[in-house]
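A.B. asks: Quick one, structure for this:
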Amino acid sequence: MAFGSLATIKPTALNKSEVLYTAPAGQLVEGKVYIVNQSSTEIKIRIGLSTGGLSDFDSNKGYIVFNKVIPRGDYYETDSIYFADQQSVVVRANHTEVAFTLLASETENREEGGFLAQSVSQSMNSSTIMFTIPTDYRKFRGNLYVCNRGSFDTKVRVGLGSTPTDYLEYNYLVERDTTHVRTDLRAAAGDILYIKADQELVNFVLSGYYENFIAFSGDVGIGSTLNRLPLNREKLSALAERDHSQSSISTDHLPNMPYCTWLFTP
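C.D. replies: This is a model prediction of the structure:
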């Protein structure tokens, strides 16, 4: 499981899409892309997520950054992105003197997180269902990217809940060639994400992970059983303090994974 600078590339040609990094099988990547303009002029860059390699990238739905202008000597960083299991980050620039770097961490993708959905508004008059949180997961956390690739400013609506009118955004103005990000979205099983835009060239990208709490019962090793229990680190500490004879676990040594807590009991 890698950590830190996972990839750095410079474009090999102008306006050519290239893969920055592909998530290994079974791994969830969480990180940010940093772009540094090393040229003597301003540049424009694009960043997207692909369900697979370069040939799988959907240029109509997959962008999270589109024609972002970076002045000479300046840099830009994305908000957090999540992708997993052979999904990729795709980058592009109109200059070769620019560096794309992915700073990220990899963890085991136990709960099928990553690049979860990409979509466009199907109607300018009504909301479109973009994604439904699976009912076998308790919690979701992630980011929603709203990317305006059009020549005009657009107004968008985003709803999250049981109806399209559970608004997070209502006629929010997203300027041309810009991206609006709703960070740290939180949702429960069965919640529905609704989207709407009044321009055609607007795409929505959802990436994140699920927070299921998992506990092992029995001895660690072959034959242990797996049970899903809604435990957290605070409850685990309380259990350990209450009964030292059953558990002498220090939570400082437990894996600090974003979506699960480990409990070993004899």
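A.B. asks: Check which strands are paired with the host helix or strand of Arg141 and give the direction for each one.
C.D. replies: Element membership for Arg141 (DSSP states H and E) is strand 139-148. Applying DSSP bridges, strand 139-148 is found paired with strand 179-188 (antiparallel), strand 202-210 (antiparallel).
A.B. asks: what is the mean pLDDT for that strand?
C.D. replies: In this model, strand 139-148 has a mean pLDDT of 96.
A.B. asks: okay, the strands paired with strand 139-148, which one's buried deepest?
C.D. replies: strand 202-210 (a mean of 25; mean count of other CB atoms under 10 Å). For the C-beta atoms, the positions are set from N, CA and C on the backbone; glycine is no exception.
A.B. asks: what's the next secondary structure element after the strand holding Arg141?
C.D. replies: strand 154-161.
A.B. asks: So which of the strands paired with strand 139-148 is nearest Thr107?
C.D. replies: strand 202-210 (9.0 Å; CB to CB).
A.B. asks: quick one on the thing from earlier: quick one: the strand holding Arg141 to strand 154-161, angle?
C.D. replies: On the basis of axes from the mean of the first three to the mean of the last three CA atoms, to 10 degrees, strand 139-148 is oriented at 170 degrees to strand 154-161.
A.B. asks: can you pull the contacts of the closest residue to Gly150 other than its chain neighbours?
C.D. replies: Counting by CB to CB, 6 or more residues apart in numbering, Gly150 lies nearest to Leu201, which is 3.5 Å off, once chain neighbours are set aside. Contacts were defined as CB atoms under 8 Å, 6 or more residues apart in numbering; by that measure Leu201 touches Asn148, Arg149, Gly150, Ser151.
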